[in-house]
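# Pasting a predicted model and its sequence here:
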Protein chains: 2
Amino acid sequence: MGEQDAGTSKPSREKGDTRVAPGLVRFELLHEDASGTKARRGRLHTPHGPVETPIFMPVGTVGSVKGVGPDDLVNLDAQIILGNTYHLMLRPGEALVGEMGGLHQFVSWNRPMLTDSGGFQVFSLSEKRKITEEGAAFQSHLDGARHFLTPERSIEIQETLGADVIMAFDECPPSMSERSYLEKSLDRTTRWLHRCVKAWGRERSSLFGIVQGGLHEDLRKRHAEEVCAVDLPGYALGGYSVGEVPEAMHAGVAYSAPLLPRDKPRYLMGVGTPVDLVTCVEHGVDMFDCVLPTRCARNGLLFTSEGKLTIRNAAFAKDPRPVDPACSCYTCRNFSRAYLRHLFAAGEILAMRLNTLHNLHYFLGLMADVRRAIAEDRFAAFAREFRERARAQEAERTRGR
Amino acid sequence: MGEQDAGTSKPSREKGDTRVAPGLVRFELLHEDASGTKARRGRLHTPHGPVETPIFMPVGTVGSVKGVGPDDLVNLDAQIILGNTYHLMLRPGEALVGEMGGLHQFVSWNRPMLTDSGGFQVFSLSEKRKITEEGAAFQSHLDGARHFLTPERSIEIQETLGADVIMAFDECPPSMSERSYLEKSLDRTTRWLHRCVKAWGRERSSLFGIVQGGLHEDLRKRHAEEVCAVDLPGYALGGYSVGEVPEAMHAGVAYSAPLLPRDKPRYLMGVGTPVDLVTCVEHGVDMFDCVLPTRCARNGLLFTSEGKLTIRNAAFAKDPRPVDPACSCYTCRNFSRAYLRHLFAAGEILAMRLNTLHNLHYFLGLMADVRRAIAEDRFAAFAREFRERARAQEAERTRGR
């Protein structure tokens, strides 16, 4: 998974370089795949440097990508990470982060960063939140304290955090919502987008709009038109991977992604598995984020070129091989499955870091392979072979149970 | 704390270099302090390279120095780490470690390593163990399974693990034991030492003897004579820091350390605080190990040039300064007290690693300063000033409560 020099430890004395160059993000469309897919090779220019797309963004929920440090992320060549507005507004609070010089400075990350709007997490608190035209009232999952998030407040918080890319405050309705509810929700999300745009300071953070509409093509089309009528530096697809089967999500993205402007970055929020990434790149998506690689790592589920591997499996107790013999990450270069299984069984903190390093290396390496395949106009074959291999591996795995 | 280049990330592609050069460890006495102390500057030559003494050894209980990876330890310039026979024999079991090529290979550490005999942990299981002339029967703290550890078995396990330095199987009686019990225990420990020596293969692991005797000078003297009558590559003082006040321990070590041969390394087991280290170096000790820096780190207690700091303290919530402005570790170069407090409060895994990196850097840096002060014949002043500063800081800290 060559493009990255992941795992080799470079010095990370990059503190103090977290100043922001002026201007908004700008997308450069470098190449469109000529092998029959809609895949694109691009570059997102940000105040903290460029991001090569298609890209996967590791999620740094509460100001830390769980299990690893910024030094590890630099060694993995992570180009951009994500922070969660909902989590950060509650703890430590955006005012404190602002006083400490912003999120980049606070977490010691001088590469690009994106924050979500807080909407998704708030709307996931189904018991503890109430939506009105004004915004969303909710109770903190930490201490039950009452909060009120509006489009204006979300933008204010995100601008205080100071990420390079910030997201519009939208409602992400449950995937099985009634059509009548979806229609009302879309109208409100559009009104909220206009309020976000009005609140947006345009100084160092670039606002992306979010298209909702569930699995209804006509609603997606209508909402894409409304959202893309606002000239923004980028656009996202929300409301996918929220309970529907993967095939439905893939079909939805195949329809929706081309509705977004060709010359702007397209971000598919909260997706996904390796097959999801490859398939949605094929449909023209440029940016992804998901907790999958980091969360799975902490549960001992590792992604490899030979399929998924559950490290606690007794079969690995005396297995001297690395997790993935084809992998060049720090974990695979230095440790056996037997050792990783032992660390995991013993509850050692190091297990979390080594597993997370490996899974992130897999996801970031996959995206590097994806970028190369697009640049070389062979993405259709790459995607087809990747899916076939994944299917065969999954069948093998299921048989093995 | 200069001598170390700690925290800068050097590549750690050192796998495959874990082969062992033949021969036992050899101590080279480089210099004796000329400022009126018994401090010594030395070098322990081992099959995995030299160790500059006096040295502090981080403890890698179950095959991992808790909270950090071998890459971190190399970056911190840790010269030697310790593994616990008791923990490793139970999980994953020494046979498995042996099959995986030994402990160095298993944990991916190609620098020197020392294992204890398992005795200390077994004798700490006061409810679940029984001592006879043959050895110690005990039940695992993990699953209650019954085990029997003898001098021969301890040596066998340690040789299978394959550390550079292995320790004799001794009894470490409670500090408040009756004198009559201590005398019987010492006799048995001496007989056990002879059994260890007989079982010892002398191939790649070097056996150190252990002198016990509690706080009784005459018993220490008698036992030191018995133990040092056996020609071994090194000798240790056991049974200190097991409940007695620091002053009693310091007085005991002042008496006992000079009883050990001048031309062999002297290892004080399970010690200690920064003041303990400086004071016992003054009395002629060369090697130390303790879980203090790593365990305190996981509890948020950080050692600094200005005294101890409890990172969860509300006073640090908006403190943009590093933990220790005089420290050059990765943590202090990149993160504020505010961020570390946030990570700790949020229960982030990264808190454990960053705190541990800092505390180990402090302990290893202190020993580098100690070595320099000895080499420059100013150790008496160094130790006096260090203790005075620590006393003042502790008084300040107590007032501040």
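Thanks, I have it. Keep in mind it's a predicted model, so treat the numbers as computed, not measured. Numbers count the residues shown, from 1 in each chain, chains lettered A, B, ... in the order given.

# helix/strand/coil for residue A:96?
Residue A:96 carries the three-state label helix when classified by DSSP: H, G, I helix; E, B strand; the rest coil.

# whoops, residue A:28 was the one
Here residue A:28 is recorded as strand under three-state DSSP.

# Contact partners for it?
Counting by CB atoms under 8 Å, 6 or more residues apart in numbering or on different chains, residue A:28 touches A:42-45. In this view, the C-beta of every residue, glycine as well, is placed from N, C-alpha and C.

# wouldn't residue A:49 be in contact with residue A:113 here?
No. Counting by CB atoms under 8 Å, residue A:49 does not reach residue A:113; the two are 10.8 Å apart.

# And these two? Which one has more around it.
residue A:113 (27 against 15; other CB atoms under 10 Å in any protein chain shown).

# Show me what the lowest-mean-pLDDT helix or strand in chain A is packed against.
Lowest by mean pLDDT, DSSP states H and E among the helices and strands of chain A is helix A:119-124, with a mean of 88. Secondary-structure packing of helix A:119-124 (3 or more CB pairs under 8 Å, 6 or more residues apart in numbering or on different chains; DSSP states H and E): helix A:85-90, strand A:129-131, strand A:136-139.

# Format the CA atom coordinates belonging to that helix as CSV.
C-alpha atoms of helix A:119-124 as CSV (Å, rounded to 0.1, in the frame of the first residue of the first chain):
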residue,chain,number,x,y,z
GLY,A,119,-26.3,17.8,14.4
PHE,A,120,-25.8,14.1,13.8
GLN,A,121,-24.9,13.3,17.4
VAL,A,122,-27.7,15.5,18.8
PHE,A,123,-30.3,13.8,16.6
SER,A,124,-28.9,10.4,17.7
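
# which parts of that helix are buried?
Within helix A:119-124, the residues that qualify as buried are A:119-123, counting by 16 or more other CB atoms under 10 Å in any protein chain shown.

# rewinding a little: most neighbours, which of the contacts of residue A:28?
For the contacts of residue A:28, neighbours tallied by other CB under 10 Å; top is residue A:44, 28 neighbours.

# okay, which residue is most central for chain A?
residue A:289 (0.9 Å; CA atoms, centre = their mean).

# Enumerate every residue touching that one.
Counted by CB under 8 Å, 6+ apart, residue A:289 has contacts A:56-59, A:82, A:114, A:267, A:269-271.

# what's the answer for residue A:305, then?
Contacts for residue A:305 (CB under 8 Å, 6+ apart) come out as A:324, A:326-327.

# which among these end up buried?
Buried by 16+ other CB under 10 Å: A:324, A:327, out of the contacts of residue A:305.

# TSV for the contacts of residue A:305, including distance to residue B:97?
What follows is the contacts of residue A:305, written out as TSV (distance: CB to CB, whole Å):
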residue	distance to residue B:97
A:324	23
A:326	26
A:327	24
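
# so can I have a markdown table of the contacts of residue A:305 showing secondary structure and pLDDT?
Output for the contacts of residue A:305, formatted as a markdown table (DSSP: H, G, I helix; E, B strand; the rest coil; pLDDT from 0 to 100):
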| residue | secondary structure | pLDDT |
| --- | --- | --- |
| A:324 | coil | 98 |
| A:326 | coil | 97 |
| A:327 | coil | 98 |
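
# closest to chain B among the contacts of residue A:305?
Closest approach to chain B among the contacts of residue A:305 (CB to the nearest CB): residue A:327, at 13.9 Å.

# Which residue ranges make up each domain of chain A?
Listed by automatic domain parsing, the domain ranges of chain A are A:26-291, A:297-399.

# got the ones you listed as CSV, with distance to residue B:66 columns?
Shown next, in CSV, are these (distance: least, CB to CB, whole Å):
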stretch, distance to residue B:66
domain A:26-291, 15
domain A:297-399, 6
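
# just the helices in the stretch 1-150 of chain A please.
Counting by DSSP state H, counting those that start in this stretch, the stretch 1-150 of chain A has these helices, from start to end: A:70-75, A:85-90, A:94-99, A:103-107, A:119-124.

# re earlier: any of the contacts of residue A:289 buried? List them.
A:56-59, A:82, A:114, A:267, A:269-271.

# So which of these are in strands?
Among these, DSSP state E puts A:56-57, A:59, A:82, A:114, A:267 in strands.

# hmm, back to that, so the residue nearest to the centre of chain A bridges to which residues?
residue A:57 (DSSP bridges).

# and the next element down the chain from the biggest helix by length in chain A?
Longest helix in chain A, counting residues (DSSP state H): helix A:349-375. Next in sequence after helix A:349-375, counting helices and strands by DSSP states H and E, comes helix A:379-400.

# who does that next one touch, helix- and strand-wise?
Using 3+ CB pairs under 8 Å, 6+ apart, helix A:379-400 sits against helix A:274-282, strand A:307-310, helix A:349-375.

# could you give the angle of the first one to helix A:379-400?
The directions of helix A:274-282 and helix A:379-400 differ by 160 degrees, with axes from the mean of the first three to the mean of the last three CA atoms, to 10 degrees as the criterion.

# Please identify the residues of the stretch 251-400 of chain A in proximity to chain B?
Counting by CB under 8 Å from any CB of the partner chain, the stretch 251-400 of chain A comes close to chain B at A:317-318, A:320, A:330, A:333-336, A:338-339, A:342-343, A:345-346, A:348-350, A:352-354.

# gap between the longest helix of chain A and the chain center?
Averaging C-alpha positions (CA atoms, centre = their mean, to the nearest Å) puts helix A:349-375 13 Å from its chain's average.

# Skipping adjacent residues, who's closest to residue A:168 in space?
residue A:196 (4.5 Å; CB to CB, 6 or more residues apart in numbering or on different chains).

# Pick out the residue of the stretch 101-250 of chain A closest to chain B.
Nearest to chain B, among the residues of the stretch 101-250 of chain A, is residue A:108, at 4.2 Å (CB to the nearest CB).

# how near is that residue to residue B:282?
Per CB to CB, to the nearest Å, residue A:108 is found 39 Å from residue B:282.

# Also residue A:320?
Residue A:320 is 46 Å from residue B:282, by CB to CB.

# So between those two, which is more surrounded?
residue B:282 (27 against 14).

# Restricted to helices, list the residues of the stretch 251-400 of chain A next to chain B.
Counting by DSSP H, those contribute A:330, A:333-334, A:338-339, A:342-343, A:345, A:349-350, A:352-354 to helices.

# my hunch is that residue A:194 is in a helix, does that hold up?
Yes. Under three-state DSSP, residue A:194 sits within a helix.

# For the nearest residue to it once chain neighbours are set aside, grab the count of nearby residues.
Using CB to CB, 6+ apart and skipping the chain neighbours, the partner closest in space to residue A:194 is residue A:230 (7.4 Å). Neighbour count for residue A:230, taken as other CB under 10 Å: 15.
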